[in-house]
Each structure stands twice: as structure tokens, then as C-alpha cells.
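[1] dropping the sequence and predicted coords here.
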Amino acid sequence: MILIVIVPLVYFVAISLFPASPGSQIPAALRAILGNDRAGDSQFWMDAFTTLLCPLLFLMVPIVCSVASAACVFVGEKENSTLETLFLSSMSAKSVFSAKITACSLISVAISLISFVLFSITISIVDLLLSAPYFFNLEWLVTVVVLMPVLSMFSVTFVSLVLSRVYSVGEALQTMGYLILPFLILYLVQFTGVFRITALFLIILSLVLALLSILLFNLSSRRFQSEYLAERPVGE
């Protein structure tokens with residue numbers, strides 16, 4: 001709610017109550033990237049915010065949700081000594097691991113979709129009040145439909161890979177910093193006018209993350225199976 005509702009509303013209030021000072025100019029590099037030469041200052045900065053920065057805020061949602069759910073499902077269960085009960089079941093280690101990965105990923109995707117609906121309602125009202133261009137474009141479509149589910153899966157498998165190196169849920173939650181930092185740098189660089197993240201770039205990024213997710217899944221699955229077999233009672 002803070003990332004996708006409160007922050008946009010605070011930004012809207014800020015640019016409404018504190019307009020740009022007379023004589024100030026919008027950076028030409030940003031105008032060139034957005035291709036919006038005729039918009040006023042408030043409309044332009046709202047367009048820049050929703051196009052260049054809001055995708056970053058939205059992508060933090062699947063990362064945070066994935067890491068939090070995976071930390072509870074993997075590390076939390078290990079920390080509370082409830083993982084051993086699964087070792088007594090007839091399920092294979094791979095089935096247990098796949099179920100955990102799937103559940104965490106689906107929870108993250110569901111929460112992210114709900115968040116995007118709330119974000120869309122909020123930004124649509126703000127764009128209407130400011131007469132700003134509608135925020136939804138091809139990049140947003142690729143972000144929501146392609147990148148977000150892949151990023152959820154990648155974040156969950158990333159946490160499962162570092163399972164043996166963390167000993168508490170708090171330590172596991174700290175790993176989200178490694179996932180957020182690259183996206184933070186990537187999206188903030190756009191404000192320098194060097195480049196703009198396009199739909200093609202997002203698709204390529206999604207393919208790379210998908211391949212890494214498959215690799216991390218196989219590595220984590222093997223490690224989980226070895227731990228599963230090591231902890232399983234003799235004769236089972």
C-alpha cells in the first residue's frame with residue numbers, strides 16, 4: 001500500500017502544492033526520452049514519475065512478497081523445527097520443494113496483481129485530475145504480464161538457494177536487498193537521460209531471469225533433496 005498507493009499520492013500532492021518555480025526548465029534529455037514536448041510542468045513530471053519510476057515501485061512488490069513468503073516457508077519452517085514433519089511423509093523431496101516454490105510464487109503474483117489494480121485506480125484518478133497522459137503503455141504491459149511473474153519465481157528460487165547460509169527469517173529477509181539494488185540502479189539511470197527501458201529490453205530481461213530461475217531451481221532442488229535424505233529417519 002505504501003509503495004503503490006501512498007507514494008504516488010504524496011507525489012501528486014507535492015507537485016500540486018509546490019509547482020515548479022518560474023523560469024525553471026525541464027531537462028531536455030528527459031523530454032527526449034518521454035517524447036512529451038507539449039505537456040505542462042505538472043503533467044510532464046507526473047508522466048515521468050509513472051513511466052520511469054513507478055515500474056520500479058511496482059517491481060518491489062513481487063520481490064518483497066516472494067522473499068517474505070519464501071523466508072517463512074523455507075527458513076521459518078527450518079527455524080521452528082517443523083521441516084522434520086515433512087520428512088516423515090511419503091512425498092518425495094522434489095515434490096515438497098516444488099510445492100513450496102509454486103505456493104510462494106503464486107502468492108507473490110496474486111498480491112502483485114492486486115497491488116497493480118489498486119495502483120491503476122490511484123494513478124488513473126491522478127492523471128485525470130492533472131490532465132496528464134494515461135500511464136499504461138506497452139512497457140507496463142510487459143512488466144505486469146511477463147516480467148513480474150518471472151521475477152517472483154526468480155526471487156523465490158534465489159532465497160531457496162541461500163537456505164543453507166541463513167539461520168533465521170530476519171537474515172533471509174535481508175537478501176531482498178540484493179534483488180532490489182540492481183533494479184533500483186537500472187531505473188534511476190533513466191533520469192540521467194542515458195537510455196530508456198523499452199518493452200524489448202524488458203522481454204530480454206524476463207528471458208534471462210527465466211533461465212536463471214530454472215538454473216537456481218535445479219541447484220536448490222538438489223540441495224534440498226540432499227538435506228531431505230540426510231534428515232529423513234533411517235528406514236524411511
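    Now that the structure is in, tell me what you want to look at.

[2] so where's this protein uncertain?
    By pLDDT under 70, the low-scoring segments of the chain are 19-32, 35-40, 81-84, 86-87, 163-169, 227-236.

[3] not counting its neighbours along the chain, what's nearest the residue most central in space within it?
    Centroid check for the chain by CA atoms, centre = their mean gives L59 as the closest residue, at 3.0 Å. Using CB to CB, 6 or more residues apart in numbering and skipping residues adjacent in sequence, the residue nearest L59 is F183, 5.6 Å away. Every C-beta, even on glycine, is put in place using the N, C-alpha and C of the backbone.

[4] again with L161
    Beyond its immediate neighbours in the sequence, the residue positioned closest to L161 (CB to CB, 6+ apart) is S220, lying 4.8 Å away.

[5] could you do I123 as well?
    Taking CB to CB, 6+ apart as the measure, I123 lies nearest to F135, with 5.0 Å between them; neighbours along the chain are not counted.

[6] does that neighbour touch T122 like I think?
    No - under the criterion of CB atoms under 8 Å, F135 makes no contact with T122, lying 10.1 Å away.

[7] ok, these two, which is more surrounded?
    F135 (20 against 17; other CB atoms under 10 Å).

[8] and for S131, nearest residue in space, chain neighbours not counted?
    Leaving aside its sequence neighbours, S131 sits nearest to Q43 (CB to CB, 6+ apart; 6.3 Å).

[9] against T50, how distant is that neighbour?
    Using CB to CB, to the nearest Å, Q43 is found at 11 Å from T50.

[10] between these two, which one's more packed in?
    When neighbours are counted by other CB under 10 Å, Q43 and T50 differ, and T50 comes out ahead with 24 against 17.

[11] on the three-state scheme, that one is what?
    Judged by DSSP: H, G, I helix; E, B strand; the rest coil, the three-state class of T50 is helix.
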